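Student: generate a structure from the sequence data that follows.
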Amino acid sequence: VMLLVFVGVPPLADLLGGSMPSASGWLLAATAIPVVWAADTAMKAVRAARSHRRAHEARAQAGAQGRAPAV
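Tutor: As a prediction, this is how the structure comes out:
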């Protein structure tokens, strides 16, 4: 929505030194949104997997030492 306002409202676009993009410009801007969402989702999945693996390793190490794992 903000992208549309920044480039789609002529007075604001002029103030920011821009202009209405071409059709290919709009297409590029529109495809950037799902690309950023996908990258964010992938990064969150990687971080969750790392966190899960570390927690599993900590529980295994605590169990090997004969003490209760920290939760």
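Student: so what secondary structure elements neighbour the longest helix along the chain?
Tutor: Among all segments of the chain classified by DSSP state H, the helix with the greatest residue count is helix 23-64. Here helix 23-64 touches no other helix or strand, going by 3 or more C-beta pairs under 8 Å, 6 or more residues apart in numbering; DSSP states H and E. The C-beta positions use only the backbone N, C-alpha and C, and glycine is treated the same way.
Student: the same query, at a cut-off of 10 Å, please.
Tutor: Helix 23-64 sits against helix 2-8, with contacts defined as 3 or more C-beta pairs under 10 Å, 6 or more residues apart in numbering; DSSP states H and E.
Student: neighbouring contacts of the helix it packs on?
Tutor: By C-beta atoms under 10 Å, 6 or more residues apart in numbering, the residues outside helix 2-8 that reach it are 1, 12-13, 15-16, 18-21, 25-26, 29-30, 32-33.
Student: just stretch 18-35 next, same as before
Tutor: With C-beta under 10 Å, 6+ apart as the criterion, stretch 18-35 contacts 3-4, 6-10, 12-13.
Student: at 8 Å what do you get?
Tutor: 3, 6-8, 10, 13 (C-beta atoms under 8 Å, 6 or more residues apart in numbering).
Student: Throw these into TSV and include neighbour count and pLDDT, thanks.
Tutor: Supplementary listing: the contacts of stretch 18-35 in TSV, determined by neighbours: other C-beta atoms under 10 Å; pLDDT from 0 to 100:
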residue	neighbour count	pLDDT
L3	13	75
F6	13	77
V7	18	76
G8	13	78
P10	11	84
A13	16	81
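Student: just to revisit the earlier point, average pLDDT for the longest helix of the chain?
Tutor: Here helix 23-64 scores 90 as its mean pLDDT.
Student: tell me the two of the contacts of stretch 18-35 that are most distant?
Tutor: With C-beta to C-beta as the measure, no two of the contacts of stretch 18-35 lie farther apart than L3 and P10, at 14.8 Å.
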